[in-house]
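Chemist: structural data only, the sequence is not supplied:
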């Protein structure tokens, strides 16, 4: 904004000593000697004499000077005339950097050639202000405590290499850390599939979860990467993104079931090898997993050789049971632990407590976890004041994050030992977990996962003997219990098969379900938050 000088430079306000331009700015001084506020204008050129002798000289300060149109040279002479020094030119603002005694800045601002004088304040890139080595809840430190990074050294091909993790979620946006080929876009089952945001994560949840599982900064070697490199739990694994939720996190049962069905049917298409499905959500469970359609679909994937990891829920001890589909005992139900705060690891207060028939199998890091930010997404816009770490990272808490951590761990195990069955993977995690003091099994299961112990323990021939689910898929004449239909091939980046319309299975909606995450630096006080409930 131009600064209009209210008083003409002359013997009196409005006098003949200066002409005024049409835009209200002072024009060129008339050919006369004019003295105003210590400024000396002589014969059309402007020079600056020192201010009044009584002024106090102070230490020089750095400033940015912006000149009027065509007046840069005159503004530079003004700085020199006031005893200052002209520095780097900044053409884009028609100005330059300078140093000047602070007491003379007012005089410089009053110069006709000067539009503005601003402090040359220090600027730090937002991304550079975050130091993961000093954040106890950064992935760097969490992975170090759980033993994840130690395993990377013994994985020549990379931790998780060759393993695809199907993420049934809100999509994945290729932000830095997820833009190096570690995401394959599967089907977009939402109403956004025909818009420019198709496949992209307009909600912000899926991107965060994907980063925990398989984030990998470009060029970072997991075995030797510097501390500031962002690396997920299995940085050499790949995410197969199945988008089921829109920009508000809304979806319905039909879309979620169709997403699981798609992952099972296309798990081993050319170019893909889906060995893990991550379900970082939970809905209110019905009376029995055996007749529940969501539990049935997740269990069907398990029996097809895919490890299914599900959030236990974020209702704390109030619910008395896990959410659906974690209620299915074949799956790996994951609760949340805080492993970064002072003191010994502890169960997160929000982590759901199970009942006599079913409780979490294990707990994993899920409190205040550093994850990737999805700029412009709903979560980013609504919760940046409480969840943003900096321009690149967000912080989230919940059994969503804990489930993602376990999914990455499973990808590590299967990459190193591809012959493991889902039952063996679960057995390894459960039998090597460490119970946390002061917490009952109904909220922690076997305890906190131990990646090193699970990786080094020999597997035995084990089989889970729970009654199998007999959900509504059986009455559709589906012998394999999958229910949906689909065909097509992956080209390595985007699915180009059938266009699911959400009606597969039944298309019926559910309510009261949530993504099992919250977006703040502290735990949340309820099981939902505004705008995130599925409907």
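Modeler: Everything's here; your move. Source: prediction; values computed, not measured.

Chemist: can we go C-alpha only for contacts and neighbour counts from here?
Modeler: Noted.

Chemist: quick one: the helices in the stretch 51-200 of the chain?
Modeler: Secondary structure of the stretch 51-200 of the chain (DSSP state H, counting those that start in this stretch): helices located at 72-81, 105-109, 139-146, 148-153.

Chemist: who wins for proximity to residue 349 among these?
Modeler: Nearest to residue 349 among the helices of the stretch 51-200 of the chain is helix 139-146; the distance by Cα to Cα comes to 18.5 Å.

Chemist: show residues contacting the closest one.
Modeler: Helix 139-146 is contacted by residues 132-133, 135-136, 149-150, 212, 227, 230-233, 339-340, 365, 369-371, 449-452 when judged by Cα atoms under 8 Å, 6 or more residues apart in numbering.

Chemist: now the strands: where do they sit in the stretch 1-150 of the chain?
Modeler: Remark: strands assigned in the stretch 1-150 of the chain by DSSP state E, counting those that start in this stretch are 18-20, 26-29, 34-36, 39-42, 45-48, 60-67, 85-90, 95-101, 114-119.

Chemist: and what of the stretch 251-400 of the chain?
Modeler: Secondary structure of the stretch 251-400 of the chain (DSSP E, counting those that start in this stretch): strands at 274-279, 281-282, 307-311, 332-338, 346-347, 362-365, 369-372, 393-396.

Chemist: and of those strands, who's closest to residue 77?
Modeler: That would be strand 393-396 among the strands of the stretch 251-400 of the chain, by Cα to Cα, at 45.8 Å.

Chemist: next, format the helices of the stretch 51-200 of the chain as TSV and append mean neighbour count and mean pLDDT.
Modeler: Formatted as TSV, the helices of the stretch 51-200 of the chain follow (neighbours: other Cα atoms under 10 Å; pLDDT from 0 to 100):
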stretch	mean neighbour count	mean pLDDT
helix 72-81	21	95
helix 105-109	18	93
helix 139-146	20	92
helix 148-153	20	87
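
Chemist: to residue 89, which of these lies closest?
Modeler: Comparing the helices of the stretch 51-200 of the chain under Cα to Cα, the one sitting nearest is helix 72-81, at 9.4 Å.

Chemist: quick revisit: now the strands of the stretch 251-400 of the chain as CSV including mean pLDDT, mean neighbour count and distance to residue 386?
Modeler: Shown next, in CSV, are those (pLDDT from 0 to 100; neighbours: other Cα atoms under 10 Å; distance: least, Cα to Cα, whole Å):
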stretch, mean pLDDT, mean neighbour count, distance to residue 386
strand 274-279, 98, 27, 25
strand 281-282, 90, 25, 21
strand 307-311, 97, 31, 23
strand 332-338, 97, 32, 18
strand 346-347, 95, 26, 22
strand 362-365, 97, 32, 20
strand 369-372, 96, 28, 13
strand 393-396, 95, 25, 8
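
Chemist: save these as CSV, and put in distance to residue 290 too.
Modeler: As requested, those are exported to CSV (distance: least, Cα to Cα, whole Å):
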stretch, distance to residue 290
strand 274-279, 18
strand 281-282, 17
strand 307-311, 16
strand 332-338, 16
strand 346-347, 29
strand 362-365, 22
strand 369-372, 34
strand 393-396, 32
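
Chemist: would TSV of the helices of the stretch 51-200 of the chain with distance to residue 405 be doable?
Modeler: Shown next, in TSV, are those (distance: least, Cα to Cα, whole Å):
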stretch	distance to residue 405
helix 72-81	58
helix 105-109	56
helix 139-146	9
helix 148-153	10
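
Chemist: in stretch 220-227, what's buried?
Modeler: 220, 221, 222, 223 (16 or more other Cα atoms under 10 Å).

Chemist: pLDDT-wise, what's the bottom of the residues you listed?
Modeler: Lowest pLDDT within the buried residues of stretch 220-227 is found at residue 223 (84).

Chemist: my guess is it meets residue 152, correct?
Modeler: Yes. Between residue 223 and residue 152 there is a contact under Cα atoms under 8 Å: 5.8 Å.

Chemist: just to revisit the earlier point, closest to residue 178 among the buried residues of stretch 220-227?
Modeler: residue 220 (12.5 Å).

Chemist: now the closest residue to the closest one other than its chain neighbours: which helix or strand?
Modeler: Spatial nearest neighbour of residue 220, chain neighbours left out: residue 229 (6.6 Å); criterion: Cα to Cα, 6 or more residues apart in numbering. Using DSSP states H and E, residue 229 is not contained in any helix or strand.

Chemist: wait, isn't residue 229 in contact with residue 219?
Modeler: No. Between residue 229 and residue 219 there is no contact under Cα under 8 Å: 9.4 Å.

Chemist: if you count surrounding residues, which of the two has more?
Modeler: residue 229 (19 against 9; other Cα atoms under 10 Å).

Chemist: element containing residue 208, please.
Modeler: Per DSSP H and E, residue 208 falls inside helix 205-214.

Chemist: distance between that helix and the chain's centre?
Modeler: The gap between where helix 205-214 is centred and where its chain is centred comes out at 7 Å by Cα atoms, centre = their mean, to the nearest Å.

Chemist: same question, stretch 315-327
Modeler: 26 Å.

Chemist: which outside residues touch that stretch?
Modeler: Contacts for stretch 315-327 (Cα under 8 Å, 6+ apart): 282-286, 289, 294-295, 298, 310-313, 332-334, 349-355, 358-360, 443, 526-527.

Chemist: what subset of those residues is buried?
Modeler: 282-285, 289, 294-295, 298, 310-313, 332-334, 349-355, 358-360, 443, 527.

Chemist: no further queries at this time; thank you.
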